[in-house]
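Enquirer: sharing a model prediction with you, sequence too.
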Amino acid sequence: MHPRQQLDLSGAWQIAFDPENRGLASGWASGQFPRDSLGIQVPAIWNIEYPDAEGVGFYRTLFLVPGDWRDQVVQLHFQGASYRVEAWLNQNYVGSHEGAYTPFWFDVTPFVRCDSENELIVRVAALSRTKAVDGMILQHAPASKQSWYYAYGGLWGNVRLETRPWVACQSLAVEPDLARESALVEVALNNRLAECRAVDLRLEITAPDNRLAFEQASAVMAVPGVSRFSFRVLLSRPFAWSCEHPQLYRVRATTSDDEVAAQFGMRDFTVQDGEFFLNGEPVFLRGILLQPNYPINLVTPPNREMMVREITLAKEAGFNLIRAHIRPAPPGFLDLTDQMGMLVYAENCLAWIKDSPRITDHGRRQVQALIERDRNHPSVVFWGIYNENRQSNAINGEALVHLARALDPTRVIVDNSGGTMAIDQDFGWIDRATMVPNRENERQKILDVHLYLGGLLPGPVYEWMRALGSGAPSAVLATQDFGSTALFEEFDREQRSYRGKVFVSELGYGGMADLDDLVAGFQGRENLLDARELKIFRDDLHNGFEARHLDRVFGSVHNLALAAQELHADANTRQIQALLTNPRISGYVLTQLNDVAWEFHAGLLDLWRNPKPAYYAAKRLNLPHCLVLKAASPVATLGETINVSCTVVSRLPLGGNEQVVVTVYDPTGARIASEVRRVAAGMGIKELGAISFKTTDTAGEYRVSARWMQGEQILAQSSETVLALPLEPTEENDERLLIAANPAALFEKDWEALFTHVETGGAAIVGPLHKRDEIALRALASHGLDIKLNLAIGSWMGCNHWQHKSPLFEGLPCGGLAGEPYVDVLPWYGLSELGGEVLAGSLRNTQTRLEAPAIVWYSDIERVRVGKGSVVFCQYRVFDKMKINPLAARLVRNLVREARGDGEARI
């Protein structure tokens with residue numbers, strides 16, 4: 001056997017950018033390469049050395065090929081390049097390739113010069129966010145999230161020459177069949193000769209215990225071109241691959257001149273009626289979404305240790321699935337998930353691609369490239385076609401599902417993630433989603449939903465999540481401003497016609513990362529695309545923080561980030577708890593494992609893969625035993641009875657001798673109640689009923705603490721707090737103050753009367769404004785108040801509502817970010833600051849896929865001078881709740897005093 005020889009072409013190359021697209025006509029590929037070319041390292045995107053480069057670049061390198069390569073096939077291999085590649089070897093055109101994330105190769109046998117210098121020219125056409133390149137438009141290309149984060153170009157993967165014999169082993173694919181204790185092994189031989197050749201093909205399989213599990217020699221006939229040979233291999237009593245025992249087989253196919261090897265695992269994964277099964281046993285998917293981006297290199301991690309770290313941390317946090325989001329995983333990633341026992345939901349890079357004459361061509365190419373690259377990895381259990389792309393899925397989703405099934409019968413195929421329902425404050429739809437089970441061809445309906453419902457959930461939304469899939473009405477979401485009644489009636493019809501389980505393939509909230517730490521991680525390399533953008537965000541945050549004197553609230557920007565991260569952890573906890581206690585849920589995927597670009601919020605890990613508080617919160621929820629306490633409301637009136645539900649969730653069987661010990665404490669820390677609840681034997685979800693207690697006459701936070709005990713061992717513990725306040729009487733009003741508690745109810749003449757009152761020295765309060773309040777917004781604009789309303793509940797990005805310690809919040813939690821006691825009254829919309837006195841506000845950042853990087857500041861409560869008087873705008877939703885919610889009543893009372901100016905001086 002003559003082993004394959006390789007020539008690594010990594011290192012220093014030349015590059016000439018071609019903004020005017022004249023390189024081909026000027027002979028850059030045929031001996032006239034520009035003398036004023038620049039230096040560049042390969043592999044790497046060109047944006048590392050030239051951050052603003054875009055469009056077309058010509059690469060050039062010179063190398064010697066050994067003389068003993070004569071009479072062998074020589075291939076030119078690219079591990080990856082973005083986006084379209086054309087190559088010339090010694091002025092001979094050798095081929096082209098389109099696609100940013102999968103490997104490809106060209107046969108250069110006729111053109112290589114052995115024992116001599118060779119010149120390789122590679123023309124790379126990168127996609128651009130600002131223009132078409134070679135007629136290619138970014139939104140019409142399969143480019144993952146380059147339209148969201150950063151568009152980049154260049155030879156990001158290794159480039160090498162490799163020899164092959166004239167009859168070579170081209171590929172090796174394994175289809176495991178655990179139930180039949182066998183595997184189907186397909187070997188492809190590539191015969192470059194003009195005549196048939198007899199080949200002795202030998203197959204060996206080594207078991208995880210290093211035992212030779214199978215050996216076979218076969219005489220086959222390789223016709224010119226590619227021949228495929230399939231072998232059904234019996235593996236008696238196979239070692240099953242699982243998350244707990246990731247046992248790998250190794251298969252090797254050899255001929256007299258060549259060999260090819262691969263690893264595989266004996267595992268079976270499928271879906272039936274929305275429920276997932278691994279090796280025949282039900283498995284609840286605890287998934288985490290990996291965003292397709294890394295610092296510095298963008299496509300690949302700066303070092304292998306970062307991949308090891310992120311997978312290890314996900315595993316240690318109890319996740320059993322990583323959703324490699326809308327992009328093939330980086331090289332080496334799936335080897336690690338195979339070895340470490342982490343399931344993978346693998347997606348191609350079609351993402352949100354828009355319709356074009358080439359959309360099906362793109363789809364077929366990307367689906368085939370993904371599957372052929374990754375089909376031997378046992379950790380991969382899903383193939384994802386589209387994500388939140390109803391239009392493109394309607395065009396060719398069925399055809400691409402059929403293609404995926406033809407290429408691989410062993411995995412579950414998802415046509416459009418989030419296809420049943422995707423919901424956020426600024427978008428939402430109802431449609432259909434399907435999955436194809438392992439070894440089946442028919443698509444099954446599934447409820448596959450994406451839920452971005454803000455942060456800490458109002459009680460009705462939490463209960464809706466707990467009942468999701470049961471057919472319970474979804475109208476509550478319309479009352480919370482997530483969409484129209486008609487939208488949710490359509491979803492309810494979907495629920496009623498479906499009897500399976502629900503897969504929540506995206507959900508979560510966001511908490512701001514420490515931008516100072518993120519920028520510092522670049523160690524001075526602040527001209528990189530990602531470093532430069534994050535530095536702008538960091539500087540803008542500091543400037544806005546100082547301008548609003550938020551040091552009086554948080555002390556430092558660092559403390560603001562910590563407060564946002566704690567809120568992120570609390571919000572994710574509530575949402576996951578709702579799903580864990582819902583027996584109709586088959587799994588979830590939390591958005592997201594890592595912070596990325598302008599999405600520096602939802603990550604359990606920051607950009608550099610350092611854990612945030614939300615990581616540890618998720619880790620607690622993923623333990624085998626989970627204890628969930630949930631008060632009916634986070635705020636109660638003094639003297640009333642408080643009910644806190646208690647639910648236990650166990651993934652391991654219990655013996656029946658376990659108990660939950662509950663203790664209730666008043667605001668002084670004194671114990672006012674205690675009890676013990678028995679837990680029945682078995683596993684699953686167990687409702688232990690409500691813990692009820694009556695508040696004393698002391699206002700403040702009442703805390704319920706619970707420990708789930710097995711003898712002296714604590715299986716799980718949890719706590720819940722309820723803020724108890726007196727229900728304040730309504731503040732007596734006088735002629736100095738007008739209150740427009742419901743702006744939508746006012747006519748134009750009412751607004752004119754209000755402004756006449758204010759301009760002559762009076763005061764007014766304007767309650768929460770909504771985008772549909774056309775009369776109110778028009779009237780305000782006519783008096784110089786151009787109101788711009790902005791989404792303020794947050795989503796995977798988060799929106800943080802800050803409050804001063806001031807008379808406005810006297811008797812209420814304040815001096816930081818608004819937490820769970822405010823969940824029922826927080827603004828749906830924030831006001832773009834009007835130039836007045838901001839008494840309470842909020843902040844988020846821009847999405848740079850749409851606008852320039854900046855921190856955006858809103859006012860939640862703002863006093864604006866108008867004529868001789870003033871108007872206080874209050875976006876907190878307190879007026880319609882003041883009779884039933886003591887926090888709302890107290891805030892209204894304080895607001896009236898503030899607007900009249902008879903409170904104490906602000907702190």
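Expert: Looks like it came in fine.

Enquirer: quick one: the helices in the stretch 201-350 of the chain, in order.
Expert: For the stretch 201-350 of the chain, applying DSSP state H, counting those that start in this stretch gives helices covering 304-316, 333-340.

Enquirer: all strands for the stretch 701-850 of the chain, in order.
Expert: 713-725, 737-740, 763-766, 789-791, 800-803, 816-817, 829-832, 837-845 (DSSP state E, counting those that start in this stretch).

Enquirer: out of these, which is closest to Val223?
Expert: strand 837-845 (59.9 Å; C-beta to C-beta). Just so you know, the C-beta spots here come from the backbone N, C-alpha and C atoms, and that holds for glycine as well.

Enquirer: and the closest one, what does it pack onto?
Expert: Identification of packing neighbours for strand 837-845 by 3 or more C-beta pairs under 8 Å, 6 or more residues apart in numbering; DSSP states H and E yields strand 800-803, strand 855-866.

Enquirer: tell me the buried residues in stretch 474-493?
Expert: 474, 476-478, 480-483, 487-488, 490-492 (16 or more other C-beta atoms under 10 Å).

Enquirer: what's in contact with it?
Expert: 420-421, 423-425, 428-430, 453, 458, 460-461, 463-464, 471, 473, 495, 770, 793, 828 (C-beta atoms under 8 Å, 6 or more residues apart in numbering).

Enquirer: buried residues in stretch 446-464?
Expert: For stretch 446-464, using 16+ other C-beta under 10 Å, the buried residues are 446-458, 461-464.

Enquirer: could you list which of those belong to helices?
Expert: Among these, the members falling in helices (DSSP state H) are 461-464.

Enquirer: closest to Glu898 among these?
Expert: Glu898 has its nearest neighbour among those in Val461, at 30.1 Å by C-beta to C-beta.

Enquirer: which pLDDT value belongs to the closest one?
Expert: On the pLDDT scale, Val461 is placed at 94.

Enquirer: could you measure from it over to Ala222?
Expert: 63 Å (C-beta to C-beta, to the nearest Å).

Enquirer: quick one: end-to-end distance for stretch 123-133.
Expert: 13 Å (C-alpha to C-alpha, to the nearest Å).

Enquirer: how is this protein divided into domains?
Expert: 6-164, 167-267, 276-621, 644-725, 737-900 (automatic domain parsing).

Enquirer: can you put those in a markdown table and add distance to Thr637?
Expert: Shown next, in a markdown table, are the domains of the chain (distance: least, C-beta to C-beta, whole Å):
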| stretch | distance to Thr637 |
| --- | --- |
| domain 6-164 | 46 |
| domain 167-267 | 48 |
| domain 276-621 | 15 |
| domain 644-725 | 7 |
| domain 737-900 | 5 |
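
Enquirer: about what we covered before: do you know which of the strands of the stretch 701-850 of the chain lies nearest Glu347?
Expert: Taking C-beta to C-beta, strand 837-845 is the member of the strands of the stretch 701-850 of the chain nearest to Glu347, at 26.0 Å.

Enquirer: where do the helices of the stretch 701-850 of the chain begin and end?
Expert: 748-759, 774-782.

Enquirer: tell me how far the shortest one is from the chain's mean position?
Expert: Taking the mean C-alpha point of helix 774-782 and that of its whole chain, the gap between them comes to 38 Å (C-alpha atoms, centre = their mean, to the nearest Å).

Enquirer: just the longest one next, same as before
Expert: Averaging C-alpha positions (C-alpha atoms, centre = their mean) puts helix 748-759 48 Å from its chain's average.

Enquirer: that helix - contacts with which helices or strands?
Expert: Helix 748-759 is packed against strand 737-740, strand 763-766, helix 774-782, strand 855-866, strand 869-874, with contacts defined by 3+ C-beta pairs under 8 Å, 6+ apart.

Enquirer: okay, the ones you listed, which one's buried deepest?
Expert: Mean neighbours per residue, mean count of other C-beta atoms under 10 Å, is largest over the helices and strands packed on helix 748-759 for strand 869-874, with a mean of 24.

Enquirer: pull the residues that contact it.
Expert: For strand 869-874, the surrounding residues in contact (C-beta under 8 Å, 6+ apart) are 757-769, 785, 831, 834, 836, 839, 859-864, 895, 898-899.

Enquirer: return the helix or strand in this protein with minimum mean pLDDT.
Expert: Between all helices and strands in the chain, the lowest mean by mean pLDDT, DSSP states H and E belongs to strand 427-430, at a mean of 75.

Enquirer: in the stretch 301-450 of the chain, which spans are strands?
Expert: Under DSSP E, counting those that start in this stretch, the stretch 301-450 of the chain gives strands at 321-324, 343-347, 380-387, 412-417, 421-424, 427-430, 434-436, 444-445, 447-451.

Enquirer: show me the shaky parts of the stretch 301-450 of the chain.
Expert: 426-427 (pLDDT under 70).

Enquirer: 80 - rerun?
Expert: Within the stretch 301-450 of the chain, the ranges that satisfy pLDDT under 80 run 424-429.

Enquirer: swap in the stretch 801-907 of the chain?
Expert: Looking at the stretch 801-907 of the chain by pLDDT under 80, you get 902-907.

Enquirer: 50 - rerun?
Expert: Within the stretch 801-907 of the chain, the stretches with pLDDT under 50 are 903-907.

Enquirer: buried set for stretch 61-75?
Expert: Here stretch 61-75 shows 61, 65, 69, 72-75 as buried, counting by 16+ other C-beta under 10 Å.

Enquirer: what of stretch 254-263?
Expert: 254-255, 257-260, 262-263.

Enquirer: next one: stretch 128-141
Expert: So, applying 16+ other C-beta under 10 Å, buried residues of stretch 128-141: 128, 133, 136, 138, 140-141.

Enquirer: tally of neighbours for the residue nearest to Arg439 when sequence neighbours are not counted?
Expert: Leaving out its chain neighbours, the residue that sits closest to Arg439 by C-beta to C-beta, 6 or more residues apart in numbering is Pro409, at 5.2 Å. Burial of Pro409 is recorded as 15 neighbouring residues (other C-beta atoms under 10 Å).

Enquirer: in contact with Pro409, which residues?
Expert: With C-beta under 8 Å, 6+ apart, Pro409 has these contacts: 175, 438-439.

Enquirer: helix, strand or coil for Ala889?
Expert: helix (DSSP: H, G, I helix; E, B strand; the rest coil).

Enquirer: okay, now it: neighbour count?
Expert: By other C-beta under 10 Å, 22 other residues sit near Ala889.

Enquirer: repeat that for Arg267.
Expert: Neighbour tally, Arg267, other C-beta under 10 Å: 21.

Enquirer: quick check: chain neighbours aside, which residue is closest to it?
Expert: The nearest residue in space to Arg267 (C-beta to C-beta, 6+ apart) is Trp241, at 4.0 Å.

Enquirer: next, the contact list for the one you found, please.
Expert: 247-248, 265-267, 338, 341, 378.
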